[in-house]
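Asker: Kindly generate the corresponding structure for this input.
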Amino acid sequence: MEAAAAHRARLAEALPGRTVVIAAGEAPIRSNDTAYDFRPDSDFCWLTGCAIENAVVVVRSGDAVLYMPPPAYPGEKAFWSDARYGELWAGAAPGPEDWARALGIDVRRLSELRDEVLVDHEVARTLAALRMYKDAWEIDQLRQAVDRTVEGFAEVVREIPAAIAGRGERWLQGTFDRYARAYGNGPGYASIVGSGKHAPTLHWVRCDGPVLPEELLLLDMGVEVASHYTADVTRTFPASGRFSDAQRQVHDLVEKAHRAGLAAVGPGRDEALSDAGQQHRRYLICGIGHHLGLDVHDCAQAAPEAYQGATLGEGMVLTVEPGLYFHAHDRAAGAAPDRGRHPGHRRRVRGAVPRAAAGRRRPGEMDGRPVSWRTFPSLCDVTLH
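Answerer: Residues are numbered from 1 along each chain as shown. Model (predicted):
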């Protein structure tokens, strides 16, 4: 794994003489004796390029030793008794020798680990700052994640008529999650599908409402590919296929703000909004963007001066996602006949000039004609280039 080796070299340069110990973690318990799917710690993944539950990597001067719990093979007692590592229960799995060949590093049994796994905030902040700058391999992984997400959106949009007919928000959520699972590692975060009054709720992951034909429909979803890099794309559609005049007006206003945001992104620029304004907080309570990578809100452990106070640099991958959030209970928004969440088109932006951009058509139009649900997929054209 050349990318992981390069990452370890960058860590050694940032923390010379330090020994860094990072654990992969384990799947949390869902209920009783059933667990959620395992997903490795992002720092562990960045340094090793693998996903081994309960493994630990020790990095010294750029060299790595990986410690892992070995599978229990036929002939061993745990083969029968250990539901986590016994191959009778979990299926065939590579052992330390197999992983050593695949990763090109020393891999040993977890029982041989002598270094203590401690929470080190300095190491966490250093890794977050390093991970802000993506290399060419990481950019390619993110491009794949965006491409798979666009395809997933198209699958979801095709199901809007079925959702309106009675299957509701959860049908669309399940459609995307199935696609993400089939063509990637799964969703990069809990998929959000909100119709009508649910759309302005930032993290509407319950998705237990109907899809109303005359209301706006918000989709906020991302595919995490096998390498664990994720996309984060949001689109707001008229469920019926046609915006009302008020919906169009708000949608286009957000689209204009989004394009202005895209134009302001580039190396050497400041990513923070000015403290002198902040009037946007009335109808946009979240930020207008964040880092994207192995985590949907990537590098969150970075020091404020390395994140919000930083100057943009080559290799940074950022989202640009302004929006307007009108809630049904908001009397101040009562003058707007069509309330709903209008985050416009969230697109991914690289710190350099190459960026993610939407299709070349005007949002909501196909060659000048109103959009129907049959033509929605072509509006999901989002690529890094």
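Asker: from memory residue 131 sits against residue 299, does it?
Answerer: Yes. Using Cβ atoms under 8 Å, residue 131 is in contact with residue 299, at 5.3 Å. Every C-beta, even on glycine, is put in place using the N, C-alpha and C of the backbone.
Asker: what touches both of the two?
Answerer: Common contact partners of residue 131 and residue 299 (Cβ atoms under 8 Å, 6 or more residues apart in numbering): residue 293.
Asker: quick one, helices of this structure?
Answerer: Ranges of helices in the chain, per DSSP state H, are 2-14, 42-48, 77-81, 87-90, 96-103, 121-131, 136-158, 160-162, 168-183, 245-263.
Asker: which one of these is the most hemmed in?
Answerer: Mean neighbour count (mean count of other Cβ atoms under 10 Å) peaks for helix 42-48 among the helices of the chain, with a mean of 23.
Asker: Show me what that one is packed up against.
Answerer: helix 2-14, strand 19-23, strand 56-60, strand 63-68, helix 121-131 (3 or more Cβ pairs under 8 Å, 6 or more residues apart in numbering; DSSP states H and E).
Asker: In JSON lines: these, plus distance to residue 206.
Answerer: Below are these laid out as JSON lines (distance: least, Cβ to Cβ, whole Å):
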{"stretch": "helix 2-14", "distance to residue 206": "37"}
{"stretch": "strand 19-23", "distance to residue 206": "32"}
{"stretch": "strand 56-60", "distance to residue 206": "36"}
{"stretch": "strand 63-68", "distance to residue 206": "37"}
{"stretch": "helix 121-131", "distance to residue 206": "31"}
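Asker: want to throw these into a markdown table with distance to residue 256 and mean pLDDT?
Answerer: Putting these into a markdown table (distance: least, Cβ to Cβ, whole Å; pLDDT from 0 to 100) gives the following:
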| stretch | distance to residue 256 | mean pLDDT |
| --- | --- | --- |
| helix 2-14 | 38 | 96 |
| strand 19-23 | 44 | 96 |
| strand 56-60 | 47 | 96 |
| strand 63-68 | 48 | 97 |
| helix 121-131 | 32 | 96 |
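Asker: Would you tell me which of these gets closest to residue 315?
Answerer: helix 121-131 (10.2 Å; Cβ to Cβ).
Asker: Contacts for that closest one next, please.
Answerer: Counting by Cβ under 8 Å, 6+ apart, residues outside helix 121-131 touching it are 7, 10-11, 14-15, 18, 20, 22, 42-43, 46, 293-294, 298-303, 306-307.
Asker: Same check on stretch 160-178?
Answerer: So stretch 160-178 is contacted by 152-153, 155-156, 159, 186-187, 191-195, 198, 207-213, 217, 219, 221, 237, 239, 373, 376 (Cβ under 8 Å, 6+ apart).
Asker: which residue sits closest to residue 142, ignoring its sequence neighbours?
Answerer: Distances taken as Cβ to Cβ, 6 or more residues apart in numbering place residue 229 nearest to residue 142, at 5.2 Å, with adjacent residues excluded.
Asker: Could you do residue 6 as well?
Answerer: residue 135 (6.6 Å).
Asker: wait, residue 184 sits on residue 224?
Answerer: Yes. Assessed by Cβ under 8 Å, residue 184 is found in contact with residue 224 at 5.5 Å.
Asker: Between these two, which contacts overlap?
Answerer: residue 145.
Asker: residues in contact with stretch 29-42?
Answerer: With Cβ under 8 Å, 6+ apart, stretch 29-42 has contacts from 22-28, 50-53, 131, 185-186, 228, 293-295, 298.
Asker: What subset of the residues you listed is buried?
Answerer: 22-25, 50-53, 131, 185-186, 228, 293-295, 298 (16 or more other Cβ atoms under 10 Å).
Asker: out of the residues you listed, who's nearest residue 278?
Answerer: residue 298 (24.3 Å).
Asker: State the distance from the residue nearest to the closest one when sequence neighbours are not counted to residue 120.
Answerer: With sequence-adjacent residues excluded and distances taken as Cβ to Cβ, 6+ apart, residue 298 is closest to residue 291, at 4.0 Å. Residue 291 is 21 Å from residue 120, where distance means Cβ to Cβ, to the nearest Å.
Asker: do you know how far residue 163 is from residue 170?
Answerer: Taken as Cβ to Cβ, the span from residue 163 to residue 170 is 9 Å.
Asker: Would you single out the least confident of the helices of the chain?
Answerer: Least confident of the helices of the chain, judged by mean pLDDT, is helix 245-263 with a mean of 89.
Asker: helices or strands up against that helix?
Answerer: strand 317-320, strand 324-325, strand 341-342, strand 347-350.
Asker: Just the pLDDT at residue 327, thanks.
Answerer: Value for residue 327, per-residue pLDDT: 86.
Asker: Roughly how far does the closest residue to it other than its chain neighbours sit from residue 233?
Answerer: Leaving aside its sequence neighbours, residue 327 sits nearest to residue 200 (Cβ to Cβ, 6+ apart; 4.9 Å). Distance, residue 200 to residue 233, using Cβ to Cβ: 18 Å.
Asker: re earlier: Provide a ChimeraX selection command restricted to the buried entries of the contacts of stretch 160-178.
Answerer: A single ChimeraX command selects the buried members of those (16+ other Cβ under 10 Å):
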select :152,153,155,156,159,186,187,191,192,193,194,195,198,207,209,210,211,212,213,217,219,221,237,239,373,376
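Asker: How about the contacts made by the residue nearest to residue 132 when sequence neighbours are not counted?
Answerer: Leaving out its chain neighbours, the residue that sits closest to residue 132 by Cβ to Cβ, 6+ apart is residue 299, at 5.0 Å. Applying Cβ under 8 Å, 6+ apart, we find residue 299 in contact with 128-129, 131-132, 291, 293, 307.
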